[in-house]
Each structure stands twice: as C-alpha cells, then as structure tokens.
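**Student:** Can you look at this prediction? I've put the sequence above it.
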Amino acid sequence: MIRAPLQFHRPHSIDEAVRLLSQCAQDGEDAKLLAGGQSLLPSMNLGLVAPAHIISLNHVTGLDAIRRDDDMLAIGAGTTHRSLAESEVVQTYCPILSETAACIGDVQVRNRGTLGGSIGHFDPAADYPPVLVLLDAAFRIVGPNGERTVAAKDIFVDYMTTSLSADEVLTEIRVPVLSPDTGTAYVKFTRVEGGFAIVGVGACLGLNSDGTCRSIRVGICGAAPVPVRLTAIEDTLKGKTVDDTFIEAVADAAYETAHDPVAELHAAADYKREMVRVFTRRAVKTASERAA
Amino acid sequence: MHTTIQLTVNNAPCEATVDTRTLLVDFLRDQLDLTGTHLGCATGNCGACTVVLDGLTVKACTVLAADVAGSAVTTIEGWTQDARQSGDLHPIQDAFVKHHALQCGFCTPGMVLSVQQLLKEKPNPTEAEIRHGIAGNLCRCTGYASIVKAVQEIARMSSE
Amino acid sequence: MAYIGSAVSGILDAKLVAGKGQYTADVSLPGMGYMAVVRSPYAHARILSIDTGAAQQHPGVRIVATGADIKQWSRPIPHTLNPSAFGGKTTDIYCLAIDRVHYVGTPVAAVVADTRHAATEAANLIEVEYADLPVVIDAERALEPDSPLLYPEWETNELMHVRFQGGDVERAFADADHILDDTLHLHRHTATPLEPRAALAHYDDRAERLTLWVSTQAPHPLRTTLANTLEMDENDIQVIQPQVGGAFGVKIPTYQEDPLACLLSKRTGKPVKWVEERTEHLMAGGHAREQTLKFSVACKADGTVVGLKVRIIGDVGALAAVAGWGMSYVASFVVPGPYKIPNCEVDLSIVVTNKGPWNAYRGFGKEAASFLMDRVMDRVADTVQMDRAAVRLKNFVPKDEFPYVQISGATLDSGDYAKALQDVMDKAGYQSFAEEQQRLHAQGRYIGMGVGFELTPEGGCIPDSFIGGYEGATVRVSPSGQVTVLTGVTSPGSGNETGIAQIVADALGVPLSTVRVVQGDTQACPYGLGNWSSRSLFMGGSASLYAAREVHHKVLRVAASMLKTAPEDLDCEQGRIRVKGQADREVAFNDVAEYVHKRPFDHHAFDMEPGLESTRYFRMGNIHHVPDDKGRINTYPSYPYAACVAVVEVDIETGVVTLLRYVTVHDCGTVINPLLVEGQFQGAVAQGLGGLIYEQLSYDDNGQLQTGTFMDYTLPTAVEVPSVEIHHQEVPSPFTPLGTKGAGESGVSSPFGTIVSAVENALMPFGVKIHDTPLTPQRVWRMIQAAKNGNNGGAKA
C-alpha cells in the first residue's frame, strides 16, 4: 500500500509531461515519471520512495514504436520488455536486446515493464544498462529546452543515478543494427528465476572470415555501481583467434575491471568478482558459438 | 487526492472515483468487491494479484488504479464467466481440480490467469516452458508438481 | 470402501479455482475501521515516551492505543505453551509492548481509522522516543555471562535448559572404535504462507458479543485465549475461520494483533479490520529453524552407532505468546529419530535473542533432528568407509521392536524403516548411480546422490495445554439425507475436509457429494483444537468416523426393520441400503433419514432415540502423560516417516545447486486420499528445498532484518522445484481405527539431510564437508575453493 498522498497526472504528450515535470521542479515538489511501474510501484508500496506527484507516460501515444532507421533501430522508451523480446525487427537486427528483454523478471513483469522505465529507474542489477552500454546506444531526451541526445557512456552516472535531469523525459533509445554474422549473448546469474541479476553479462562478437575476432564488445552489470564495458581489451583482442585463450583473456579482463562490485547479502564482493569472470566467460563463449 | 476513472472491468463499463494512491488490486477488491484477486506481497513477486490488463497478465499490486483509465481489466471472476465452454468451469480450471493443482487456493486465481496466458501463446508448452510461464506466480502449498501436471494435460487434450 | 484410498479431488477446489474462496481479508462489515500497527525500528530499546497527539487529531482516526492503554484494558495473552510449565522462564506478553522492545517489529502502538490510508498516515504521526539498549543476535553470545539481557529479571538469556539421557553413554564412548565430533548450524527461515495474517473483529455493543473472523489454525483455543485476555465470557465470543490461504504452523494462535483488533473494536464499538503486510509478516509473523546442533558420536568399525551426545542451542528470538520456542524442545525430544541408539544424551539450551519470535513452522523441530541424524549417519559412513545407506540400515530400529521407546520417551508406534529405505534406493537406482556419476564427471559435470530419512512425530500432545491428543466431530443427517460433518479440526488448505468427507461417506454409504464438512466456527463446531502437527485427518477423521458409525448404526436399525431383516445383513452404498445378495430388497438412505425425522413414533424408529446426529470424541490411546520408571512421557502418538533419495547437480564455477530428482517412500499409514497426501508431500519438499537453499531471514549486527520483502526473501518458483517421485509404504497405525498416521508435515525435514548428502556426494572429488545452511551458491562455492586449497572442513560463508 502506498502511504503518502500523491497527485496523479495523465499527460497525453511528451511536451505536456515535460511541462508537468518543470512545474513540479519549480515548485520544489518531488515528481516521478511512471512507465511500467515494475520497480517504482514496489518501491512506493514499501515506502522507499514517496513522490508527491506521479506523471504517467502510459497515456502518451507512440512511445512504444520500434522502427528501423538506416543502420539504427529506434525504440520507443515505452516499449515493454515483452514487445522487445517478441519484436521480429529487434530479434533480427539486435538479438541481444531481445534476449535481454526476455530474461527480465517474469511474464507479468515483462508484460508491463518498459525499456525506458528500467533505464530511468537504473537499478544497479538491471539487465538493459550493460547491454545498452556495449551497444553504444543513444538516448533521446526531451526537456524544457528541447531535445538532446546522450550516449550510453554518459547516461549511467552513478549508483541509481542517470544524467537525466528532473524535468526531462527519455523518449527513445537508438541501438545499432548488428551485422547478421555477429554472435551475441546475454547471460545472467540470479538466486531464483525472475530475481535480480547478481551478475549479468552481454557480449557481441564479430568474426573475420578466418575465424579471428573482427570486433568484440562486452558489458557487465554487477561489477560496479554502474555498468562496466571492457573497452581496453576490446581493441587489443581484434584480429586474435577466438579460442579458449581468447575467452579467458576477456574473462580475466572482466575480473580485473570488476574491482568495485556492490556487495549483497548472498554475494560478497570477492564472490561477485569471481562470478563476473565466470559469466563473462559464458557470455563470450555463447556469443562465439552463435557467431560461428 | 482523488481522480475519476472510466474503464472496462470484466466486460462491463465502470466509472469510479479513486484515491490516487490506490493500487489496482485494492481498487478491484475494496471498491468493486472482486475479491478473487488476492494480495500477497505488494512487491510484484508472488503473483497472487495477477489480472489481465488489455489482454496481458499483470500484477495488480504494481499498477495504480488511476493509471488504468481507458483500459480493460479482467479478473478471475470475469474470466471464469467468459471462459466457460461447458459446465461450470473452464477446461484449465477443470484440470486444476482434477489434479488438485491447488491447496489453500490463495495463489490459484493468479496462477490460472497465468496459465491461460501461457496456453494462448504456446498451446503445447514443454515442461520447461510451463515452469517458466508460471514463474511469476509463487505457490507455497503444492510445490508446483500438480500444476505442471494439470497444464500438461490441458496441452495434451488440446493437441488431440 | 468406495472413497477411502481413492484420488478424489478436493471438495473445495472447484470454488477456489474460480476465485470464490472467501478469505479473512475478503470479509467486510459496514462501518468497519482499519487498524495499523506501529512497530519498533530498534531491536532492543526502552520506550521513553509515545506522543500520540498528532495521530489523535488526524482526520478519520477513531482510536490510538499504546502499551499503557493496553495494560489498563486487558490482561496478558496466555502463552500457547508456557515455558514455565517446562521449568523455563517466562514473561507477560500484552497486545502491545510495555516499556521495552525486544526485536525489530515489536508492536508498540496501534491506530484505527475510517480508511486504511488514514490509519497508516496516523500511524506515521505517532512519535516514539526510544533509548536503545545493547543488542544480542547470536545465541551462543547470548549465553555468555556478560551478554546483554533481554529480560533482566531472568538474569540469563536461557529460556530453558532440558536434558534427556538414556543408557551408559560414557561407557559406550569408551568402548567405541571411532569417536567423531561435528557442529551443524541451521539458519533462520519461516513458513510465510501466501495469505498474510488477517483479522476482522466486531464487538456488537448491544448484544455485548464479539465476533472475530481470523486467519487462524485453531479457532476454539483462540476463543479461550481471547476470553482470558479481554476479560470476557467465552460464551460471548465467536471465532470464525474463513478460508485460510496457507498456514504451515505459523497461524497457530495467539499473536498480539488478534486480541488487539478485538480490543480496539470493543473500545470503538465498531468493527476493526487488520490485514498484515508482507513486510510485517517477515519481521513479526513468526520465525523458525535457527539452531546449532553439536554432536559427538561413538561407533564400531562395522558402522554400528553405540553412543551419541548431542548439544542443541535453539535461537528462538524474543519471547512471544505463540508456541514457537517449543520447536527447539521437540528437536531434542526426537533425537535419535528412527535409530536404535540406547546410549544417548541430549542437552538443550533454548535461548532468547533480539530477533523476531519463533512461531510454529511445518517440521516443528523435527527437521533439525532429521538433519542432525542424517549428518551423524553420513559422518559415520565416511569414517568407517561404508555406504551411507548401509550405515542407516544397520542402525534403524528393527521392525519387530515396535512400539520402541526412545530416550526422551518418544514411543515410536510402527513401521518398517529398512524396507522404506531399500525400496527408495531401488526406485531411485541407487546401486547403479555411481556409473552414471562417473560418466558425467568425465564430461566435467558434478552430479551427486544422497540418502536421507525423516521421522516425523505427529499429533503432539503436551500436558496442560491446548496442544492435545484428542478431537471431536459431529455427524448430522438431515431429513433429505444430506450429511453435515462439523469438526473441531480446521483446514488451512491442507485438504482434510476432503479426507474427512471420504471417511464419513464411506461409513454411511452415501455419495460424497451429499457430505458437507463445516469447520472453523466456534458457534457451530464441537470444541476441538484445530489444525497442526498433521493431526486433522488421523484425529479429526477418527472422531468423524466414530460419529458416522453411530449414525450409521441407527440408519441400519431402521432400514433393517423396514426390510424385515437384521442390520448386519445390510449393505449401504451410494445411498442405497440393500439386503446382502438380494438386489430387489432395498431402501434409500434418504427415505430412512426422512422417516427417522418425521415418524419417530412409528414402529421402525419407535424403540430408538430420535434424530440422526452424533458427536463423538477420539483420544489417542498411546499418549502417556504419567512418567514411566525413567521419568519419561510420550507426547506424540503417531510416527510417520519417509526415506528419500536426492540427485543434485552442482555448478562448481558458481556453487549453484540444482535439485534434479527427489524420490521418496513415505509411510503415513493408511492413505485416505493419495492425491491429497502426495500434494502435501510435494509441497513439503518444496518448502524444505526452499529453506535449505533459497530462503533466509538474515539479521545484521544491530538486529535489523535484511530480508524483509519477497525481493530478498526469495521463495523458490516452479523453475527451482522438481516434481517429487512419491511412493507409499502403508504400515497402518495400530492406534487409529483406520490405520491412519499423520500426513501433511512429512517431506519438509528430509531435504536438509538428503540434499546436503547429495551435494557432498557430487563434490566428493573435492572432499567437501557441509555443516551450515543455507546452501547458497556463495557458500557452496567457498567450500569448493577452501577444499581446493586443502581445507575441506567447510568454510563459513
């Protein structure tokens, strides 16, 4: 049950939502955007957050469109996990995003929860951020002064903090169309089915015709308060033969990078760091099998 | 603070004034007396509050009543009414009864609605698909075996 | 015997599957208010002051109450089991804390308001000033002389000390070939049924009567308790148990909120509803399990266990009026379980700490005894290098030695333990498993098989308490031949209403569909003690059988007169009463019923008492409350058991344990309904598995609960729980009319020992030894790492 009274707003356009956000900001009143609400509502029920205003984006039309735009996919922020998982366009051109969406929570959560909502909430255990970071996704954000685009590396700032300001709305996420021979995988480690990721690792691997690495990108959640990308090793591994040594090198790099994992009750920092290694190994291995 | 919403509940138009804090589950239970939808955790984990919102199952403890204006909500009561083919219950419910796929019955309405969603999408699910399909519905009594059995039987019957 | 033994569907299922079950939270009354409870955020503190001014002024508020008010308005809640009756300490428990809080979640104040929102808003306005006190959350630390004390007047945190002893233990140890010591630790977890606790109290000012709808397991004892606490006549109280959404022990009364809601209804003159939130439930809705089990075992080289010393430290949290602490007592009572170890001693300390109070949870301490004895047997097997099952077979109580009295006085009723274990080994392919294991090991997979055995004493009967070994039932036949069974036992979803209907339908020879079972209403039902300890069917069913037989006797007498034959020449099936061997000479059961009611002065019914109704009570014949020559009493009448085999896979990179198979041979005596028994057993295994691997109530050093929601208190889903392969071995109880034993609780205990044994087996290449639960991936992974580094003693995680 939600304890604190709240004002509920049902804007029908992004501009209206931005106006409402700005108004609340000016008045010094705490406002939250509501999309699927799969993280927000539990937090409100527990009294962890108690916004004075709820601005629902569920009555803004067109926020859940998925379209191909040249070499990018443009995905509306209101797209549900379910739609992402089932979208043929996404399955074809950016399968890692479908795979990620399909393993979030459970059926009901995927039916209601949205891509934009997950990014806005930015739980350190969330599955999308590491994948969006590795994909170099771009985020279209609308605020009182118009629209801006933010790169993935700049949006996830700190523990549960994004670079969206209080009067901005995330409207669209753009990810690159992956070449069809790219092998991708997202694997996660949870306590029970549908639980939060202790560690989640996404990997995209492109191979040259001789089987060597054309490109590799790895994104990890659980390694740090924000998603981690293995940028350094991604360059040095280009042209290397993809074999067990290669995979181990990526896993080791992941381990080295994961020096600051958020410790949990059933996953201390050292254990989590080891799991980063294990699941990176598994993600890259699966991606390499799918690339072949 | 209150707001007035218009929506469809169990195929009937409904207009109501709700406290803006009211969860969909509490709205259904307290204001519409549809007590077949249960509240078990309020964190979106247990699934006892599962209802069908615009054709898809959701957990009604993670939805604000104010936010479903314009939507169609189906609860176990309405679904049972709609779903009857012959007799008093839907074949899914008959299979639940036959296999005693429930004990205390608290998770059951939500479980049944998740099963109908699963079978709508995958009429012939594997055991793993069944288990994943109901993973959003916790059952503390049955250990799930009888539920899996019931779903398997429905799938078998529909494929015959 | 048309129904007994057959897989009849639950008679409530059709209603429940359509969402038509009415649970306590579904009941509403005009004008009702909602109660919110203010709970302590501190684990240990003195209450300096409570300012309720702002809450009193909040719109919609009807009443605000604090401990000071409660102390004026009511008496302490009688303990369900008073520790002082066992030579232990005790303290008064009021509906709200008086002066001091002992755990996070202690109720300190309450508000009733017109709406739930108003009640919680007002609750947030109550300002409680605390002076925090030092916290102790570890039981062994709590026993140290300089530990903070929860109840200073005790001058100790030891609630109770118990010792059971038999034989000559020292001599057995002196003569042994091997002596092994180990320490096990079971972690805190809980039943957490999906329906939270709930109550709707209605004090009717004009009638001066109180009605309480409540999610409880024991309406009659609760009524007695309420009368005492509220200083009312029992006659003026009616307790109604609507449909209950799971209980598993944790809804055995009396919690503080139940009398509290009643009291506030009485004070306001209007109904008061309270529905527990999940966070409240996990804090204050009854915990269980946390015990340290130390053992020293003496054995011969051939695997015979000759002596056993056990030290149990039960960490029962703070004291409440519920009976949870008794689980630690029962853990010690059950040792050494199904094994014949005459030289045995058990030393028990039940200790209070600044954590949530225990309440009953399926297993009731037997899971600790089961885990302990499984570990003892595995250790012995490893030491003498024998097969783990073979050691158990060597030490079981032989089947021709029943009734067998254990050192505590536990008098095992009947069984064939060895056959159950041998059968389950056959079913599970125990002998050929090693081959499969090696084949998969060559592929880098770690599969293991474990054996375990649980003895589950049922129907507990404690002197001078409402935990009793008797039950009552009424069977009533209406003029139209419809049968009503009113029972003192209740069903929180366990299905006994169906089993009882089957028994009564068979006894009367009527269709099951004509039998209605009414439970959980103190105004309607005979006095009975409710549902716990798997007692409902074997005690309540036996009482129902006696009552049905008495009614049947009258029906046959009238029918015999009508058919001009003797009662013993009649058969009654499906509502037709026939002369044996003569299909054309029959009369309908319904016609006889109508005759008895309408024509009591006509000759077929003239010479008997009118009416077709009987109330009978059944008492277990093998409870002994008079101490024997060794001072022992037997508090359990029924000893079902299960032999189990588990197959697990361990992911050695992550420590994840996956249960692949669970096979059991289970004896609960005569099986009335395999569908119900198997459903119960499967559900019990799921809870045992959940408890062993996934669920934990974890506290930090300040006594703050770290797993207070279902996000952190992770219950297993359908993905984690495999379907159990259940086989029955029916050794009828000699002490019940149908041979039934307790069913329902069994299955929850064996996963601890069986799965742990399987994990050790899977990790044999590393020589890992498991002592502590839960088996979280991290813990298992650490044990593997430690073993790789040459320490196979098991790391603490």
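**Tutor:** That came through fine.
**Student:** On the three-state scheme, the closest residue to chain A within the stretch 601-750 of chain C is what?
**Tutor:** Here the stretch 601-750 of chain C gets closest to chain A at one residue, residue C:719, 3.8 Å apart by CB to the nearest CB. The way it works is simple: take the backbone N, C-alpha and C, and place the C-beta from them, glycine included. Of the three states, residue C:719 takes coil under DSSP: H, G, I helix; E, B strand; the rest coil.
**Student:** That one: neighbour count?
**Tutor:** 18 (other CB atoms under 10 Å in any protein chain shown).
**Student:** wait, it sits on residue A:193?
**Tutor:** Yes - assessed by CB atoms under 8 Å, residue C:719 is found in contact with residue A:193 at 3.8 Å.
**Student:** Overlap in contacts, those two.
**Tutor:** Jointly contacting residue C:719 and residue A:193 under the rule CB atoms under 8 Å, 6 or more residues apart in numbering or on different chains are B:131, B:132, B:135.
**Student:** how much space between the last one and chain A?
**Tutor:** Which is residue B:135. Separation of residue B:135 from chain A (CB to the nearest CB, to the nearest Å): 4 Å.
**Student:** Now do the contacts for that residue.
**Tutor:** A:106, A:107, A:193, A:194, C:717, C:718, C:719.
**Student:** check those residues against chain B, which are close?
**Tutor:** Restricting those to those within reach of chain B (CB under 8 Å from any CB of the partner chain) leaves A:106, A:107, A:193, A:194, C:717, C:718, C:719.
**Student:** pLDDT wise, what is residue 61 at?
**Tutor:** No chain in the question, so chain A it is. What the model reports as pLDDT for residue A:61 is 94.
**Student:** Can you look at chain C instead?
**Tutor:** 98.
**Student:** about what we covered before: what is the nearest of the ones next to chain B among the contacts of residue B:135 to residue C:473?
**Tutor:** Ranked by distance to residue C:473 (CB to CB), those are led by residue C:718 at 36.5 Å.
**Student:** Verify the stated contact: the closest one with residue B:146.
**Tutor:** No - with contacts counted by CB under 8 Å, residue C:718 stays clear of residue B:146, the gap being 11.2 Å.
**Student:** pLDDT score assigned to residue C:463?
**Tutor:** 89.
**Student:** what about residue C:478, neighbour count?
**Tutor:** For residue C:478, using other CB under 10 Å, the count is 16.
**Student:** What residues does it make contact with?
**Tutor:** So residue C:478 contacts C:484, C:593, C:597 (CB under 8 Å, 6+ apart).
**Student:** give me the number of residues near the last one?
**Tutor:** Right, the one you point to is residue C:597. Residue C:597 - counted by other CB under 10 Å - has 17 other residues nearby.
**Student:** If we ignore the residues flanking it in sequence, what's nearest it?
**Tutor:** The shortest distance from residue C:597 to any non-neighbouring residue, by CB to CB, 6 or more residues apart in numbering or on different chains, is to residue C:479 (4.1 Å).
**Student:** Equivalent analysis for residue C:309, please.
**Tutor:** residue C:296 (4.4 Å).
**Student:** Now the phi/psi pair for the one you found, please.
**Tutor:** phi -130, psi 120 (degrees, to the nearest 10).
**Student:** To what extent is it buried, counted in neighbours?
**Tutor:** With neighbours defined by other CB under 10 Å, the count for residue C:296 comes to 17.
**Student:** Residue C:401 now?
**Tutor:** If you count neighbours by other CB under 10 Å, residue C:401 ends up with 11.
**Student:** That one reaches residue C:340, doesn't it?
**Tutor:** Yes - counting by CB under 8 Å, residue C:401 touches residue C:340, with 7.4 Å between them.
**Student:** which stretches of chain B form strands?
**Tutor:** Ranges of strands in chain B, per DSSP state E, are B:2-9, B:12-19, B:50-53, B:56-59, B:72-74.
**Student:** try chain A
**Tutor:** Using DSSP E, strands in chain A cover A:7-9, A:31-34, A:53-56, A:66-69, A:72-76, A:138-143, A:146-151, A:156-158, A:161-162, A:169-176, A:183-189, A:199-207, A:213-221, A:228-229.
**Student:** Quick check: which of these is buried the most?
**Tutor:** strand A:199-207 (a mean of 29; mean count of other CB atoms under 10 Å in any protein chain shown).
**Student:** Okay, now the sheet partners of that strand, with direction.
**Tutor:** Partner strands and pairing direction for strand A:199-207 (DSSP bridges) are strand A:183-189 (antiparallel), strand A:213-221 (antiparallel).
**Student:** so can I have JSON lines of those strands showing mean pLDDT and distance to residue B:118?
**Tutor:** Output for the strands paired with strand A:199-207, formatted as JSON lines (pLDDT from 0 to 100; distance: least, CB to CB, whole Å):
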{"stretch": "strand A:183-189", "mean pLDDT": "98", "distance to residue B:118": "22"}
{"stretch": "strand A:213-221", "mean pLDDT": "97", "distance to residue B:118": "28"}
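**Student:** can I get those in a markdown table with distance to residue C:729?
**Tutor:** Formatted as a markdown table, those follow (distance: least, CB to CB, whole Å):
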| stretch | distance to residue C:729 |
| --- | --- |
| strand A:183-189 | 41 |
| strand A:213-221 | 50 |
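**Student:** Out of those, which is closest to residue A:47?
**Tutor:** Between residue A:47 and the strands paired with strand A:199-207, the tightest spacing by CB to CB is seen for strand A:213-221, at 26.1 Å.
**Student:** Can you give the distance of the closest one from its chain's centre?
**Tutor:** Relative to its chain's centre, strand A:213-221 lies at 15 Å (CA atoms, centre = their mean, to the nearest Å).
**Student:** try stretch A:133-143
**Tutor:** In terms of CA atoms, centre = their mean, the centre of stretch A:133-143 is set 10 Å apart from its chain centre.
**Student:** mean confidence score for that stretch?
**Tutor:** Here the average pLDDT along stretch A:133-143 is 98.
**Student:** Same check on stretch C:668-677?
**Tutor:** Mean per-residue pLDDT for stretch C:668-677: 97.
**Student:** Share the number of residues neighbouring the nearest residue to residue B:3 once chain neighbours are set aside, please.
**Tutor:** Once flanking residues are discounted, residue B:3 sits nearest to residue B:66: 4.9 Å by CB to CB, 6+ apart. As a burial measure, residue B:66 scores 27 neighbours (other CB under 10 Å).
**Student:** what's near enough to touch residue B:66?
**Tutor:** A:8, A:10, A:54, A:56, B:3, B:5, B:18, B:20, B:22 are the contacts of residue B:66 under CB under 8 Å, 6+ apart.
**Student:** picking up where we left off before, now the strands of chain B in TSV, with mean pLDDT?
**Tutor:** Listed next are those as TSV, based on pLDDT from 0 to 100:
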stretch	mean pLDDT
strand B:2-9	98
strand B:12-19	98
strand B:50-53	98
strand B:56-59	98
strand B:72-74	98
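**Student:** Could you save these as JSON lines and add columns showing mean neighbour count?
**Tutor:** JSON lines is the format used below for the strands of chain B (neighbours: other CB atoms under 10 Å in any protein chain shown):
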{"stretch": "strand B:2-9", "mean neighbour count": "16"}
{"stretch": "strand B:12-19", "mean neighbour count": "14"}
{"stretch": "strand B:50-53", "mean neighbour count": "26"}
{"stretch": "strand B:56-59", "mean neighbour count": "28"}
{"stretch": "strand B:72-74", "mean neighbour count": "22"}
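**Student:** how about those, which one is nearest residue C:580?
**Tutor:** strand B:50-53 (54.2 Å).
**Student:** The closest one close to chain C?
**Tutor:** No - using CB under 8 Å from any CB, we find that strand B:50-53 stays clear of chain C, coming within 10.5 Å at best.
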